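> The sequence and its predicted three-dimensional model are supplied below.
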Amino acid sequence: MTADSTPRIRLNIRAKILIVFLALSVVSLIITGFFAFAALDKMGRYAKESSEALGVQAIDDSSAALQKNAEEYLLRVASDQAEITNALFEDTNAEMSLLAAHAHMLQKNLPVAPEIPAYFHTTTPRDPFAATRMVSAPEIIINQSSEEWQRLNGMNDMLRALYQTDEDMTGVYVATDSGIMHYYPWNTVIPAQFDPRSRDWYVRAVATDTQVWSDAPYVDAAGHGLIMTCSRAVDHATYGHWVVGSDVSVTTINKDFMSHTMGGDGYAILIDRSGNILSRPGLSSGTNRWDVPFSGENALSSSDPVLVDVVKNMTAGKTGIARVWFGSTETYVAYAPVRSMNWSLAVSLPVEQVTSPMNKTRNQILTATYASGLQIQDETSQLLTLFSGLVVVLVVLVVCISCILAKIITRPVEELKVGIRVIGKGDLDYRVTIKSGDEFEELAQSFNTMAAALKKNIENLRLTTAEKERYTKELEIARTIQASFLPDTMPDIKNIEIAAVAIPALEVGGDFYDFIPVSDGRWALVIADVSGKGVSAALFMALSRTLIRANLEGKSDTTGALRQANRMICRDAESSMFVTAFCLVLDPARQTFSCVNAGHNPPLLIRNSSGEARFLHEDGIALGVLPEMEIHGEDVTLLPGDLVILYTDGVTEAFNTEYHEFGEERLIQIARDCRSLPSSEVIQHILDAVRAFAGSAPQSDDITLVVLRVKPLTEKSQRVREG
């Protein structure tokens, strides 16, 4: 057999393309399917394991977070309650100073006839609150015609007034070296053998020149159970020693101040600097007599070393929290000092009350994690089944497509290739012409449509670019107009430096400041922040600024002017927008100012001499929220070198790339460091600090600053002032 007669399989180009396409497609599908099955199975197992791991992590994180929040809450409660208790005793100290001053005045001047009389226990008044109880030590004969007696009667009205203003008192009184005591309100409980001069509160008050408190609770001779006494000797007494005093019962401390601290099983205790328990739930006099020392409790005597360490921290004036076992109950103990008394207050709460929400959350997360694992397993199985069917469908589809493409690919495509090259060179008017009656003809039509659309889009892009440039110019004009609303120059006020700056976050913003002359040579400094940003905020800013200026200019009643401005803003603004504002009315002649706050960030006052920092008036709601609003002011006296910083939230709420806020503490520190610099340099230091903090993060809100600084005294002015 010759070579020419050797049988060969002859295939046309369409068949060859079909075979090659089918082989490549089927092999690719098989390989892809194998790896996809393996990947899906692995992904399902990984998802289930990850879900379980995330559940465990969520349990740990939530438990730690709940425990931390509970401890912070207890510590905050202890600190707050300590401050409240501190305020109680400071008020009592102030009342005793007032009463002692009144007694000192009566010794120098004969009093007018008192409104309420003083009675012995043998005479019962119609109303015990309309008389004082007159007590005399045993074997003391009272001379009711003596000057001391008359002046003691002058204390009656003051004792009643002080008692009526302080509902926490159980009694208030004055006692003398002559053995006489006037006690308000009148009662019959004080025994006949009672001698005030022998009582600890009297002896200790005579020995010092300030208020003294009882070292420990003791039984009241007037029948009020366990009490604590604050007493003070009258300065420079004419008739020997006079001592004024007031009693606060342990029951009152427990009920009115410490019993509201915690709910449930929580309670509070109060100890002195030696560890003696001054107040706790259930502490009472029992059957103890008034003339027998009360045997109290000392927390340092506990056998629990952990509790003793806690008590030592409390007596050292520290603030903290610890876990202590009381019997079989583990308990949180949070403590904080009562600083004016060198005492300490502690609140306790069983740990179980804190951990029960954590256990509940743990069980919920475990249940959800188990359910998620089952759901992931079911979904993975369904996905594998679906993918298997999809592979079969794809194989069939590839066979069909291969057959179709084998018929199409052999058709001429050169025309399309030429068209692509021509259009690629920039001739968008060129059109491809194919009359095959199949998809290639449609493709040619689509190609032609694409060329026309491309030409149109290029033209639209040109027009859009021109429109954007026009809009940018208009915004720049709007920004220039808005900037013209702000004062061009700072007001020239004697002994006062003022500097201000406004930096919008967008082309235009909603912050503004203004300097408005009011009556009697005073100036109103206004800073405001409109809700929102951009054009709408800028328009609302123009309205608000105009109304505030129109109502403040030349007016003496600034609060009334702001109320009227608020009504006009509520009436004219229909966009549900509002504006926060702070108005500071400066009196240069007196170097004082009054201020009102309408929902704005409270300005910062830095005292130059001490560096003390405090925020001004914080009350008030924004303008434009309610038609009628209450506005209360605050008066502040300025000293040479003092610094006042008015700002918007764009300063303290500036974010860095990690979404941390600049915050008030950084502002306070910068202000303290720069308090001796001119106002303009203070502003520059604050802006530099904000920009350095934000870094590459974009400005998130408008930034506005107004800095007022009282010029420090020159050496000549200082000598004149001291002279």
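All right, it came through fine.

> From now on I want contacts and neighbour counts done on CA atoms only, so please keep to that.
OK.

> Show me the shaky parts of the stretch 551-700 of the chain.
573-575 (pLDDT under 70).

> sorry, that was for the stretch 401-550 of the chain
Using pLDDT under 70, the stretch 401-550 of the chain drops low at 402, 405-417, 419, 426, 428, 436-440, 462, 465-485.

> And the strands in it, which stretches?
For the stretch 401-550 of the chain, the strands defined by DSSP state E, counting those that start in this stretch cover 496-503, 511-517, 523-530.

> Same check on the stretch 201-350 of the chain?
Along the stretch 201-350 of the chain, counting by DSSP E, counting those that start in this stretch, strands occupy 212-213, 218-219, 226-233, 242-249, 267-271, 277-279, 320-326, 329-338, 343-350.

> can you put those strands in TSV and add mean neighbour count, distance to His104 and mean pLDDT?
What follows is the strands of the stretch 201-350 of the chain, written out as TSV (neighbours: other Cα atoms under 10 Å; distance: least, Cα to Cα, whole Å; pLDDT from 0 to 100):
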stretch	mean neighbour count	distance to His104	mean pLDDT
strand 212-213	22	18	89
strand 218-219	24	28	84
strand 226-233	26	10	88
strand 242-249	27	9	90
strand 267-271	23	34	78
strand 277-279	25	32	76
strand 320-326	17	43	83
strand 329-338	24	30	85
strand 343-350	26	30	82
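
> Let's have these in a markdown table, adding distance to Met134.
As requested, the strands of the stretch 201-350 of the chain are exported to a markdown table (distance: least, Cα to Cα, whole Å):
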| stretch | distance to Met134 |
| --- | --- |
| strand 212-213 | 23 |
| strand 218-219 | 20 |
| strand 226-233 | 18 |
| strand 242-249 | 14 |
| strand 267-271 | 33 |
| strand 277-279 | 30 |
| strand 320-326 | 47 |
| strand 329-338 | 35 |
| strand 343-350 | 34 |
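
> Nearest to Ser62 among the strands of the stretch 401-550 of the chain would be which one?
Across these, Ser62 has its closest neighbour in strand 523-530 (38.3 Å, Cα to Cα).

> Now the helix or strand hosting Thr92: average pLDDT?
Element membership for Thr92, per DSSP states H and E: helix 13-108. The average pLDDT within helix 13-108 is 77.

> packing partners for it?
Secondary-structure packing of helix 13-108 (3 or more Cα pairs under 8 Å, 6 or more residues apart in numbering; DSSP states H and E): helix 147-153, helix 156-165, strand 226-233, strand 242-249, strand 320-326, strand 329-338, strand 343-350, helix 351-409.

> quick one: which of those is nearest Glu497?
strand 329-338 (41.4 Å).

> Could you give the bridge partners of Val174?
On the basis of DSSP bridges, Val174 is bridged to His182, Val244.

> Number of residues surrounding it?
27 (other Cα atoms under 10 Å).

> now swap in Glu665 and tell me
10.

> is it true that it lies in a helix?
Yes. Counting by DSSP: H, G, I helix; E, B strand; the rest coil, Glu665 is found in a helix.

> buried set for stretch 112-130?
Buried residues in stretch 112-130, counted by 16 or more other Cα atoms under 10 Å: 116-121, 125, 130.

> how long is it from one end to the other?
For stretch 112-130, the first-to-last residue distance is 17 Å (Cα to Cα, to the nearest Å).

> centre of the chain versus it, how much separation?
52 Å (Cα atoms, centre = their mean, to the nearest Å).

> What mean pLDDT does it get?
Mean per-residue pLDDT for stretch 112-130: 86.

> Can you list the neighbours in contact with that stretch?
131-135, 153-157, 160, 182, 184-188 (Cα atoms under 8 Å, 6 or more residues apart in numbering).

> what's the pLDDT at Leu383?
Leu383 is given a pLDDT of 75.

> Check the burial of it by counting its neighbours.
Residues near Leu383, counting by other Cα under 10 Å: 16.

> what residues go with each domain of this protein?
96-249, 415-423+426-467, 486-722 (automatic domain parsing).

> Of those domains, give the one that comes closest to Trp343.
domain 96-249 (10.5 Å).

> so how far is that closest one off the chain centroid?
With Cα atoms, centre = their mean, you get 46 Å for domain 96-249.

> now swap in stretch 339-349 and tell me
How far stretch 339-349 lies from its chain's middle: 24 Å, per Cα atoms, centre = their mean.

> Repeat that for stretch 528-541.
25 Å.

> any idea how far Tyr73 is from Asp80?
10 Å.

> ugh, typo on my part, it should be Gly509
The value you get for Gly509 to Tyr73, if Cα to Cα is used, is 40 Å.

> Next: Leu687.
36 Å.

> what does Tyr184 give?
41 Å.

> Touching stretch 707-715 from outside, list them.
Here stretch 707-715 makes contact (Cα under 8 Å, 6+ apart) with 495-500, 638-646, 678-680, 682-683.

> if you set the cut-off to 7 Å instead, what comes out?
495-500, 639-646, 679, 683 (Cα atoms under 7 Å, 6 or more residues apart in numbering).

> How far does that stretch sit from its chain's centre?
Counting by Cα atoms, centre = their mean, stretch 707-715 comes out at 32 Å from the chain centroid.

> Give me the contacts around stretch 140-147.
So stretch 140-147 is in contact with Gly179, going by Cα under 7 Å, 6+ apart.

> err, stretch 534-541, not the other one
506, 508-511, 530-531.

> Including neighbour count, could those residues go into TSV?
Below are those laid out as TSV (neighbours: other Cα atoms under 10 Å):
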residue	neighbour count
Leu506	16
Val508	25
Gly509	29
Gly510	30
Asp511	33
Val530	25
Ser531	19
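
> and those as TSV, adding distance to Ile401?
Output for these, formatted as TSV (distance: Cα to Cα, whole Å):
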residue	distance to Ile401
Leu506	55
Val508	59
Gly509	60
Gly510	62
Asp511	65
Val530	63
Ser531	60
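
> tell me which of those is nearest to Leu547?
Distances from Leu547 to the contacts of stretch 534-541, taken by Cα to Cα, are shortest for Val530, at 13.5 Å.

> For the closest one, give the beta-bridge partners.
Going by DSSP bridges, Val530 forms beta bridges with Val579.

> now Ile645, what's its secondary structure?
strand.

> ok, Ser682 - contacts?
For the record, residue 682 is Val, not Ser. Per Cα under 7 Å, 6+ apart, neighbours of Val682: Cys674.

> quick one: which helix or strand includes it?
helix 679-694.

> okay, Tyr184 and Tyr73: which has more neighbours?
Taking other Cα under 10 Å, Tyr184 and Tyr73 do not tie; Tyr184 has more neighbours (28 against 13).

> Identify the residue spatially nearest to that one, adjacent ones excluded.
Leaving out its chain neighbours, the residue that sits closest to Tyr184 by Cα to Cα, 6 or more residues apart in numbering is Thr132, at 4.6 Å.

> Could you pull up the residues touching the one you found?
Counting by Cα under 7 Å, 6+ apart, Thr132 touches 117-119, 156, 182-186.

> contacting residues around the residue lying closest to Gly245 once chain neighbours are set aside?
Take Gly245 and drop its neighbours on the chain: the residue closest to it by Cα to Cα, 6+ apart is Ser231, 4.0 Å away. Neighbouring residues of Ser231 by Cα under 7 Å, 6+ apart: 96, 201, 205, 211-213, 243-246.

> helix or strand for Ile668, which one?
Per DSSP H and E: Ile668 is located in helix 663-673.

> what about that helix, distance to the chain center?
Computed by Cα atoms, centre = their mean, the separation of helix 663-673 from the middle of its chain amounts to 17 Å.

> contacting residues around that helix?
606, 611, 613, 652-653, 686.

> which of the residues in it are buried?
Neighbour-count burial for helix 663-673, with 16+ other Cα under 10 Å as criterion, is recorded at 666-668, 671-672.
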